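A.B. asks: Mind looking at a prediction? Sequence and model below.
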Amino acid sequence: MTAVRRALGLMSGTSMDGIDAAILLTDGVNIAGFGASVSIPYSEPERAILRKAVAAARGMADRDARPAELKAAEDIVTTRHIAAVMALLEAADMSPGDVDVIGFHGQTVFHNPDAGITVQLGNARRLADE
């Protein structure tokens, strides 16, 4: 039997209202249980910056480009996701070492499947380091 692992999932959707974070117990195929969850809202000034990033991202051809509007939004997305992880760990009475994997897709600011491009903001390396 495969060992059960603790997966920490993060989600911030196109509504840009905030970040949901949850712990899931899984063997990689089956759900063995659900842990704590938290929701961390974006402030209105943060949402305004995210909306500017969405506008700036329209028509992008390079998913890795980070003009000023996207860079500012990416900093917010990463910082707030880190805060969500820390709040969730506190709510679950866990430490970072108790988590086996984190699912983090960032914040989608542009999606054009016909062109094969999606632009998502978030610095996964910084999230993992912190």
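C.D. replies: Arrived safely.
A.B. asks: is Ile19 in a bridge, and if so with what?
C.D. replies: Beta-bridge pairing for Ile19 (DSSP bridges): Ile40.
A.B. asks: Would you confirm that it contacts His81?
C.D. replies: Yes. Applying C-beta atoms under 8 Å as the test, Ile19 and His81 come out as touching, 5.9 Å apart. In this view, the C-beta of every residue, glycine as well, is placed from N, C-alpha and C.
A.B. asks: what ranges do the strands span in the chain?
C.D. replies: Applying DSSP state E to the chain gives strands spanning 5-11, 18-26, 31-41, 101-103, 107-112, 117-121.
A.B. asks: In CSV, list those along with distance to Glu69.
C.D. replies: Below are those laid out as CSV (distance: least, C-beta to C-beta, whole Å):
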stretch, distance to Glu69
strand 5-11, 22
strand 18-26, 20
strand 31-41, 21
strand 101-103, 26
strand 107-112, 9
strand 117-121, 10
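A.B. asks: Of all the ones you listed, which one comes closest to Asp64?
C.D. replies: Asp64 sits nearest to strand 117-121 of all the strands of the chain, at 8.6 Å, using C-beta to C-beta.
A.B. asks: partner strands of that closest one, parallel or antiparallel?
C.D. replies: Going by DSSP bridges, the partners of strand 117-121 are strand 107-112 (antiparallel).
A.B. asks: circling back to that earlier point, which one of Ile19 and His81 has more residues nearby?
C.D. replies: Neighbours per residue, other C-beta atoms under 10 Å: of Ile19 and His81, the larger number sits with His81, 26 against 23.
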